[in-house]
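*Asks:* sequence plus predicted model, see below.
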Amino acid sequence: MTLLRAAHPGPALAVTVLAALLAASFDLGPGTGVLVVAAVLTGQLSIGWSNDLVDLARDRAVGRTDKPLVDGSVSPTAARAACAVVVVATVPLSLACGWLAGAVHLVCVAAGWVYNLGAKATPLSWLPYAVAFGGLPVYVSLTADPDTAPAWWLPAAGALLGVGAHVVNVLPDLDDDAATGVRGLPHRLGRRWSPMAAAVVLVAAALVIVLGAPVDSGAVATLALLVTAGLAAVALLAHGRAPFRAAVAMALVDVAMLVWAR
């Protein structure tokens, strides 16, 4: 369990659950659905372990004793071995869903590694998230039907959701990151403007879903947009932890809309 804590289990589980919900929405059979979920889970675990391995010296410098690699409860050797195992597993699991679909998923995983290996400290820190989240519904769609390109709104909404998730995910660590030279887009925007940026892109994701998807229920779409707008107002106007919590809630609403609209 301690080794698992070093793999960022919260985000890994969230993305895996999203993949499972998308698989269900595309009516994948149980066997194919399990392959999709397994590939996404192993890919996310590899991203999580590689993140803590790459950041080990930086985390030690700022005293991140909440991380198993920093407090010594997990050795770097064990984390490297676990990471290697899931990387090796991710490739055949992804390609078992089809060559094209598998290639898309491997690009998504590679984007996560690119973020860990340096993109996180640049103004383009948002781009790996956009690629990974935009590619996830494409991966599931091509698994379901490799001969048909997914609707444009799926990757567009996913990419916007990914950018919003990036900003929200970084917000709690802005000070620690800045102290060790990490200056991605949220760091450059600062604590005041980052929640606003998250609100803007998450509202845009909701609009893309409602306008692009074949939404049957106008009432549900309207309610979702009203909730998103209300949360955006909180993110823009409130103080303290409220903007962060509002942005997280908006991301959850967008995920629900993405799966429902599909």
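*Replies:* That came through, no problem. Model, not experiment: these values are computed from the prediction. Numbering: from 1, shown residues only.
*Asks:* state the mean pLDDT of stretch 45-62.
*Replies:* For stretch 45-62, the per-residue pLDDT values average out at 91.
*Asks:* what's the end-to-end length of it?
*Replies:* For stretch 45-62, the first-to-last residue distance is 24 Å (C-alpha to C-alpha, to the nearest Å).
*Asks:* what about it, distance to the chain center?
*Replies:* 17 Å (C-alpha atoms, centre = their mean, to the nearest Å).
*Asks:* start the count at 3 instead of 1 going forward.
*Replies:* I'll keep to 3 as the first residue from here, and by that count the last item is stretch 47-64.
*Asks:* which parts of it are buried?
*Replies:* For stretch 47-64, burial by neighbour count (16 or more other C-beta atoms under 10 Å) applies to 47-54, 56-58, 60-61, 64. Every C-beta, even on glycine, is put in place using the N, C-alpha and C of the backbone.
*Asks:* ok, then the element right after the helix or strand hosting residue 160?
*Replies:* Taking DSSP states H and E as the definition, one finds residue 160 inside helix 155-172. Next along the chain after helix 155-172, taking DSSP H and E as the criterion, comes helix 176-181.
*Asks:* which of the buried residues of stretch 47-64 sits closest to residue 10?
*Replies:* Closest to residue 10 out of the buried residues of stretch 47-64 is residue 50 (3.6 Å), distances taken as C-beta to C-beta.
*Asks:* which residues does that closest one contact?
*Replies:* Residues in contact with residue 50, defined by C-beta atoms under 8 Å, 6 or more residues apart in numbering, are 8, 9, 10, 11, 13, 14.
*Asks:* make it 7 Å
*Replies:* 9, 10, 14 (C-beta atoms under 7 Å, 6 or more residues apart in numbering).
*Asks:* any idea how far the residue nearest to the first one when sequence neighbours are not counted is from residue 28?
*Replies:* What it means is residue 9. Sequence neighbours aside, residue 50 is the residue nearest to residue 9 in space, at 3.6 Å (criterion: C-beta to C-beta, 6 or more residues apart in numbering). Distance of residue 50 to residue 28, given as C-beta to C-beta, to the nearest Å: 26 Å.
*Asks:* before we move on, what about residue 67?
*Replies:* 42 Å.
*Asks:* more neighbours: which of the two?
*Replies:* Legend: neighbour count by other C-beta atoms under 10 Å for residue 67 and residue 28, higher for residue 28 (19 against 11).
*Asks:* need the pLDDT of that one.
*Replies:* pLDDT, residue 28: 92.
*Asks:* OK, contacts around it?
*Replies:* Applying C-beta under 7 Å, 6+ apart to residue 28 gives the contacts 142, 143, 146.
*Asks:* okay, and which of those map to helices?
*Replies:* Per DSSP state H, helices hold the following members of those: 142, 143, 146.
*Asks:* and these, which is closest to residue 196?
*Replies:* residue 142 (29.6 Å).
*Asks:* just list the residues touching that closest one, thanks.
*Replies:* Applying C-beta under 7 Å, 6+ apart, we find residue 142 in contact with 21, 24, 25, 28, 38.
*Asks:* residues near the residue nearest to residue 192 when sequence neighbours are not counted, how many?
*Replies:* The shortest distance from residue 192 to any non-neighbouring residue, by C-beta to C-beta, 6+ apart, is to residue 176 (7.9 Å). For residue 176, the neighbour count with other C-beta under 10 Å is 17.
*Asks:* if we can go back for a sec, including secondary structure, could the contacts of residue 142 go into CSV?
*Replies:* Output for the contacts of residue 142, formatted as CSV (DSSP: H, G, I helix; E, B strand; the rest coil):
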residue, secondary structure
21, helix
24, helix
25, helix
28, coil
38, helix
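*Asks:* which one of those sits closest to residue 123?
*Replies:* If you rank the contacts of residue 142 by distance to residue 123 using C-beta to C-beta, residue 21 comes first, at 27.8 Å.
*Asks:* what about the residue nearest to that closest one when sequence neighbours are not counted, which helix or strand?
*Replies:* Once flanking residues are discounted, residue 21 sits nearest to residue 42: 4.0 Å by C-beta to C-beta, 6+ apart. Residue 42 belongs to helix 32-56 when assigned by DSSP H and E.
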